[in-house]
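Undergrad: Predicted coordinates and the sequence they were generated for:
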Amino acid sequence: MKSFEFTVTNPVGIHARPAGDLVKFAKEFESEITVTNQRNGKSGSAKKLFSILSAVVKCQDTVTVTIEGPDEEKALREIREHFAQNL
């Protein structure tokens, strides 16, 4: 299992468009990918749009992304590179 944290800097948090992009990207991996909002403790699968949106991630919230599975190293690297820096 691998994980990393980042702080959301997008003024509107993780809304439908970036969440949808993350879902599309996460579905390319076999590993289970979970997004957890540290402010409220809510989490959801990165492969389900409403699951991510239900975590209610706002600007300046710290998010933990947890990845577990056969391609977790690649998923960790690519999600960190493509999404964490743009949210």
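TA: All right, it came through fine.
Undergrad: How many neighbouring residues does residue 18 have?
TA: 18 (other Cβ atoms under 10 Å). From N, CA and C alone the C-beta is placed, and that goes for glycine too.
Undergrad: tell me the centre residue of this protein?
TA: residue 35 (4.4 Å; Cα atoms, centre = their mean).
Undergrad: any idea how far residue 28 is from that residue?
TA: Per Cβ to Cβ, to the nearest Å, residue 35 is found 16 Å from residue 28.
Undergrad: nearest spatial neighbour of the most far-flung residue of the chain relative to its centre, skipping sequence neighbours?
TA: Taking Cα atoms, centre = their mean, the residue of the chain most remote from its mean C-alpha position is residue 70, at 18.1 Å. Nearest non-adjacent residue to residue 70, counting by Cβ to Cβ, 6 or more residues apart in numbering: residue 30, 5.3 Å away.
Undergrad: Check the one you found and give its pLDDT.
TA: pLDDT, residue 30: 98.
Undergrad: residues contacting it?
TA: By Cβ atoms under 8 Å, 6 or more residues apart in numbering, the contact set of residue 30 is 69, 70, 71.
Undergrad: cool, and residue 29?
TA: Counted by Cβ under 8 Å, 6+ apart, residue 29 has contacts 67, 69, 71, 74, 75.
Undergrad: any idea how far it is from residue 68?
TA: 11 Å.
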